[in-house]
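A.B. asks: return atomic coordinates for the entry below.
(chains A, B, C, D, E and F)
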6 protein chains.
Amino acid sequence: MELTHINENGRARMVDISTKDETNRVAIAQGIIRMQPETLQTIKTGGIKKGDVLGVAQVAGIMGAKQTAFIVPMCHPVMLTSVDIEFEYVDQESAIIARAIAKTSGKTGVEMEAIMAVSTALITIYDMCKAIDRWMVVSDIQLVEKAGGKSGHVIRGKENQ
Amino acid sequence: MELTHINENGRARMVDISTKDETNRVAIAQGIIRMQPETLQTIKTGGIKKGDVLGVAQVAGIMGAKQTAFIVPMCHPVMLTSVDIEFEYVDQESAIIARAIAKTSGKTGVEMEAIMAVSTALITIYDMCKAIDRWMVVSDIQLVEKAGGKSGHVIRGKENQ
Amino acid sequence: MELTHINENGRARMVDISTKDETNRVAIAQGIIRMQPETLQTIKTGGIKKGDVLGVAQVAGIMGAKQTAFIVPMCHPVMLTSVDIEFEYVDQESAIIARAIAKTSGKTGVEMEAIMAVSTALITIYDMCKAIDRWMVVSDIQLVEKAGGKSGHVIRGKENQ
Amino acid sequence: MELTHINENGRARMVDISTKDETNRVAIAQGIIRMQPETLQTIKTGGIKKGDVLGVAQVAGIMGAKQTAFIVPMCHPVMLTSVDIEFEYVDQESAIIARAIAKTSGKTGVEMEAIMAVSTALITIYDMCKAIDRWMVVSDIQLVEKAGGKSGHVIRGKENQ
Amino acid sequence: MELTHINENGRARMVDISTKDETNRVAIAQGIIRMQPETLQTIKTGGIKKGDVLGVAQVAGIMGAKQTAFIVPMCHPVMLTSVDIEFEYVDQESAIIARAIAKTSGKTGVEMEAIMAVSTALITIYDMCKAIDRWMVVSDIQLVEKAGGKSGHVIRGKENQ
Amino acid sequence: MELTHINENGRARMVDISTKDETNRVAIAQGIIRMQPETLQTIKTGGIKKGDVLGVAQVAGIMGAKQTAFIVPMCHPVMLTSVDIEFEYVDQESAIIARAIAKTSGKTGVEMEAIMAVSTALITIYDMCKAIDRWMVVSDIQLVEKAGGKSGHVIRGKENQ
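C.D. replies: Numbers count the residues shown, from 1 in each chain, chains lettered A, B, ... in the order given. Model prediction:
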């Protein structure tokens, strides 16, 4: 196995994608943040307008996706054509799942953008609630599905891992 | 319980810290990335220079910490006086732990900066290895310890949670 | 009258504030966006959750305030200690007013940060509604009040202009 | 009327443009800053080199246009192929008009980039002159004309509003 | 000779490239940093892991290349498809050469991105070693070669200068 | 000699300055860009307004100085209290010298900010003139003088090097 991000001197490089085709690409990623039951309750009902914490997390995640190439050193800049995030309350685990979809039409995939959207959204939830629950934990940030490009359409759990 | 980041209209605000004291503040956060055993092996031995993936992740994490206030919407800008990251191989779990320490002298804590360092470092490891292992999972991003400011010195597991 | 931002060669400089005192500083700015009555109605009732456009504008404005020194060339970096924005519907004018308050404790004022918060919030409202009303107009972006520093507490309309 | 930036959960999203055509797109926006007559006079003659305030505002506006997708949360990144700004003195109103043109070849328009150029340029003029005239007012930031894409060539005042 | 970056009012503009062809473009730039012999020796052997200073400089240079359009005012945003940097020790001059290659497929060249990679890498070496050698000098930052676009393939020293 | 930016694992860190004193600090840096005599002549007289290339370079340099901690990985964020740049035509060498001064009141020096101002200004000159002179060379970027902090007031050439 070879790390394509490492050049012949053992140093990092931005992989050369100049000869790759421009295709439509999609990636879906998700993650979860676990918290005290009271915290989840406060997020659901807190403030005058319900769910505002998630509204801020949504904006943060979408803006974070656009910053991917400036945060992850070897990422190529990509022209995102769509980013959306949905949140799901998991009451029995006292947790919130964030799931992000990113799209582009270009020479490289958008896995990192989807992952960056998820991690930024979850960290923002942490930030907005840490005053009442500083031990919240962000977990299971992972690629769920991707399509487009050489590797085709792959779904987590549907191929040998 | 009240969300201090939400104003009286139910919208987000940057909490007013103008009357807080300037004190020395420290925060430690950590997280883990789990992968295939072959991936861990490649990280350890891959390329000419050992551990280069972690070298890039380290730089990414430190630079990510400096970007915190531009990524997490309600974070205050802080003058970081120190950021360091250490990595630990966890062979039996086929995983790498990242642990970051952040310091400042100011009116607000640096939990978010430490968490941002950890999540950026781990996501960067994912990015550099995803060509050989796209199903890696980032988990357990959490505050470990903090000191300075009103809440004093708190350590994960050493107080009621 | 002398432009302090212009040096002896007639070129721009970042004014030297190194000998100024650190004091608490506050600035309030406001502006307005005018639109079709239907647009205002859609903002008020549109989507499942009321006022979401303003929720996004609020986050944008706060994050925009933190970017001030990177957008306005001669602005000093400042450590914002608080930013908040409120919106007011002006039905008879079919308009929304945005009013922002910014605070810091430092050597220079935060007028630009308050103005940047207002203009970013209003432009974001435009962006989110331009598909239904492309001729909306942003106006009357102005400083309303400031306190702290050499010029003391000044209020628009309460001094010779 | 439907807000395309709001998803089915009532939260903001980056609109999906992945199936839109790449076409040449142009947008023109303008705005005005009103000031004391003495301030306008100082801008015209101040410093050794005439008009330097406007030179800085021009650079700020062009750089601001490039930052649009990082300031306005739901904006798509676009590959600007041209940005230019012109200023016009309006002596009878003691004001300066800024007019910006932005171009791209892509899947989405550049209205926001033109508007961002104008607002950044005008706010920069305010910043550079606020030491002598803190009550300057920025107004009438608006789209003037756009071409390219589904809505075709539209000019302010030439269609039903 | 005419400066294409200057508009008819004598002010800067982002040159209009909207009618140019999209072609593959490559640029190579280089520069050198001169230092005390002991400094070069420390870089070569310093720390536990050899060459770590250059590892950080490499990451900095690649990330700096991606920031070009936000640092150099009139640069167009470009979608870099590849960036790599190599370092060469020049023992007899007690110096290190950095050489960067940048690629894109687009309407404008990537000279500035290659130059930004080189200068950022060299300045980073300075930063990491300035505690032991504050008088290091960065020199000879220059374009070495470029291909693609109207001017074709040009090599330094192979055409009239 | 020990590289303070390298931690005990041989990886980069942001040096801990939390126990250092806040003092006034100044740094002066300079560099030069060499070009064809015709290019220098065009810069001096080109366009309608003299010296506009240098006006843009000045703004770029000042804004670049504010970006230092986001470009140079291990730099601490600093609150710049002043940045200014001056240019000097060197006709006999067909060159332009840029000299920048940066100031802060804080725990760490501003050498990197002064160097970043110089290199950004010179690279901007290159960018604006490369259409007429692509082989221009940027050289001799160096610290000239610094004051404040533990090392006191040092001037290039006035101490053992």
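A.B. asks: longest helix of chain A?
C.D. replies: helix A:111-129 (DSSP state H).
A.B. asks: that one and chain C, are they touching?
C.D. replies: No - contact of helix A:111-129 with chain C (Cβ under 8 Å from any Cβ of the partner chain) is absent, the minimum separation being 9.6 Å. C-betas here are computed from N, CA, C, even on glycine.
A.B. asks: does chain E sit close to that helix?
C.D. replies: No - using Cβ under 8 Å from any Cβ, we find that helix A:111-129 stays clear of chain E, coming within 13.3 Å at best.
A.B. asks: what angle sits between that helix and helix B:111-129?
C.D. replies: 170 degrees (axes from the mean of the first three to the mean of the last three Cα atoms, to 10 degrees).
A.B. asks: from the chain's centre, how far out does helix A:111-129 sit?
C.D. replies: 6 Å (Cα atoms, centre = their mean, to the nearest Å).
A.B. asks: next: stretch A:106-126.
C.D. replies: Taking mean C-alpha positions (Cα atoms, centre = their mean), stretch A:106-126 and its chain are 3 Å apart.
A.B. asks: is chain D contacted by that stretch?
C.D. replies: No - in terms of Cβ under 8 Å from any Cβ, no part of stretch A:106-126 sits within range of chain D; the closest distance is 9.8 Å.
A.B. asks: do me a favour and average the pLDDT over that stretch.
C.D. replies: Across stretch A:106-126, pLDDT averages out at 97.
A.B. asks: C-alpha coordinates for that stretch, CSV please?
C.D. replies: Taking Å, rounded to 0.1, in the frame of the first residue of the first chain, the C-alpha atoms of stretch A:106-126 are listed here in CSV:
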residue,chain,number,x,y,z
GLY,A,106,-14.7,18.2,-10.7
LYS,A,107,-11.6,16.2,-10.7
THR,A,108,-11.6,15.1,-7.1
GLY,A,109,-14.1,13.8,-4.6
VAL,A,110,-15.8,15.7,-1.7
GLU,A,111,-15.4,13.2,1.2
MET,A,112,-13.3,15.7,3.1
GLU,A,113,-15.9,18.5,2.6
ALA,A,114,-18.7,16.2,3.9
ILE,A,115,-16.5,15.2,6.9
MET,A,116,-15.5,18.8,7.6
ALA,A,117,-19.2,19.8,7.5
VAL,A,118,-20.1,17.1,10.1
SER,A,119,-17.2,17.7,12.4
THR,A,120,-17.7,21.5,12.3
ALA,A,121,-21.4,21.1,13.0
LEU,A,122,-20.8,18.8,16.0
ILE,A,123,-18.0,20.9,17.5
THR,A,124,-20.3,23.9,17.2
ILE,A,125,-23.0,22.1,19.2
TYR,A,126,-20.3,21.4,21.8
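A.B. asks: in contact with A:Lys107, which residues are there?
C.D. replies: A:Ile17, A:Ser18, A:Lys20, A:Asp21, A:Glu22, A:His76, E:Thr81, E:Ser105 (Cβ atoms under 8 Å, 6 or more residues apart in numbering or on different chains).
A.B. asks: just say helix, strand or coil for the nearest residue to A:Lys66 once chain neighbours are set aside.
C.D. replies: Excluding the flanking residues, the one nearest A:Lys66 by Cβ to Cβ, 6 or more residues apart in numbering or on different chains is D:Ala69, at 5.6 Å. Here D:Ala69 is recorded as helix under DSSP: H, G, I helix; E, B strand; the rest coil.
A.B. asks: can I assume D:Ala69 is in contact with A:Ala69?
C.D. replies: No - the pair D:Ala69 / A:Ala69 is not scored as a contact, 12.0 Å apart, by Cβ atoms under 8 Å.
A.B. asks: next up, the contacts around the most centrally placed residue in chain A.
C.D. replies: Geometric centre of chain A, nearest residue: A:Ile115, 2.3 Å, by Cα atoms, centre = their mean. By Cβ under 8 Å, 6+ apart, the residues touching A:Ile115 are A:Ala29, A:Ala100, A:Ile141, A:Gln142, A:Leu143, B:Ile123, B:Tyr126, B:Val138.
A.B. asks: appreciated, that's everything.
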